[in-house]
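Enquirer: Sequence first, then the predicted structure, then my questions.
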Amino acid sequence: MNITTSTVTVNETQNVNITTNASDLDNDALTFTINDSARFGLQGIYFIWNTTLTDSGTFDVNITVNDTERIDSKIVTIIVLDAFDS
């Protein structure tokens, strides 16, 4: 699996966008999952989280790719900075 970053930093109300990329030597179909599907949605090869004004904090997510025979995963740390609430 090729995820080029291990840390993403955004301000509250900005989108977190994690690009996934993987290939399989046997050309088996690949399935991407994330352990925080309540926040993230998979759109194509992107895991996207639309943060809100109450989402500040640090979050570790585990992204996994699976071809039914092998599994690869990567931990990505997301830092959501507190925005000024007016």
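Expert: Received the coordinates, thanks.
Enquirer: what about the protein, any weak spots by pLDDT?
Expert: 1-4, 85-86 (pLDDT under 70).
Enquirer: any idea where the strands of the chain begin and end?
Expert: Listed in chain order, the strands of the chain (DSSP state E) span 7-11, 15-19, 31-34, 41-43, 46-50, 57-66, 71-81.
Enquirer: What is the fourth one packed up against?
Expert: The one in question is strand 41-43. The contact analysis (3 or more C-beta pairs under 8 Å, 6 or more residues apart in numbering; DSSP states H and E) places strand 41-43 against strand 46-50. Yep, even glycine has a C-beta here, placed from its N, CA and C like the rest.
Enquirer: TSV for the strands of the chain, including mean neighbour count?
Expert: Formatted as TSV, these follow (neighbours: other C-beta atoms under 10 Å):
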stretch	mean neighbour count
strand 7-11	14
strand 15-19	16
strand 31-34	16
strand 41-43	12
strand 46-50	18
strand 57-66	15
strand 71-81	15
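Enquirer: For the ones you listed, could you give me a markdown table that also reports distance to residue 25?
Expert: Converted to a markdown table, those look like this (distance: least, C-beta to C-beta, whole Å):
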| stretch | distance to residue 25 |
| --- | --- |
| strand 7-11 | 29 |
| strand 15-19 | 21 |
| strand 31-34 | 16 |
| strand 41-43 | 23 |
| strand 46-50 | 24 |
| strand 57-66 | 13 |
| strand 71-81 | 13 |
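Enquirer: Contacts only, for residue 13.
Expert: Counting by C-beta atoms under 8 Å, 6 or more residues apart in numbering, residue 13 touches 51-53, 83.
Enquirer: Quick check: phi and psi at it.
Expert: phi 80, psi -10 (degrees, to the nearest 10).
Enquirer: Relative to residue 63, how far out is it?
Expert: Distance of residue 13 to residue 63, computed by C-beta to C-beta, to the nearest Å: 23 Å.
Enquirer: just residue 78 next, same as before
Expert: Per C-beta to C-beta, residue 78 is found 11 Å from residue 63.
Enquirer: likewise residue 18?
Expert: 7 Å.
Enquirer: And for residue 19?
Expert: 10 Å.
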